[in-house]
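# Fold the following.
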Amino acid sequence: MLIFKRPSEMEFRQVRRLVEKYRLNTNDLNPDEFTILKSDEKLLAFGCVRTMDNYAELDCIGVVEERKSKDWTSMIIKKLVDSGPQTIWLATDSPRYYEQFNFVTSKQIPKELARKLEGAEPSGKNRLKGMVLTKKK
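Below you'll find the predicted structure:
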């Protein structure tokens, strides 16, 4: 049975190790911002919506390597978006992937996110793009 939940202390230690292993954003990790997807006590995927001073950002999306046979990434993103705030920002080098979740590229982005984009190293041909999702009321 699949369940989404906030990580326990032990689960969050596992998430933290994976965030470091996958070279995701390790700054100010807060277990209360994370959601995990589990099946039969096994961690499948994780992610968070970080709340900054003036915006919320989808961040630290990861899937446990040994369990990539299903589309756990889509499931965790949908859960985070559905349970997140009205407007969610994202920095990504894969904008086409996030378009399926209704994120759109935006030239006007929060200052803090702009600094993140400017300081990022381009991966391959892609540079990080700022995207936003605004849910319909």
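# same for the worst-scoring helix or strand of the chain on mean pLDDT, what does it pack against?
Least confident helix or strand, the chain: helix 111-119 with a mean of 81, by mean pLDDT, DSSP states H and E. Packing partners of helix 111-119 (3 or more C-beta pairs under 8 Å, 6 or more residues apart in numbering; DSSP states H and E): strand 87-92, strand 129-134. All C-beta atoms are positioned from the backbone trio N, CA, C, and that covers glycine.
# The residue nearest to the spatial centre of the chain: what's it in contact with?
Centroid check for the chain by C-alpha atoms, centre = their mean gives residue 59 as the closest residue, at 3.1 Å. The contact partners of residue 59, by C-beta atoms under 8 Å, 6 or more residues apart in numbering, come to 24, 25, 47, 48, 49, 50, 90.
# Just want to check the distance between the fifth one and residue 35.
Here residue 49 is placed at a distance of 8 Å from residue 35 (C-beta to C-beta, to the nearest Å).
# overlap in contacts of these two?
The contact sets of residue 49 and residue 35 overlap at residue 80 (C-beta under 8 Å, 6+ apart).
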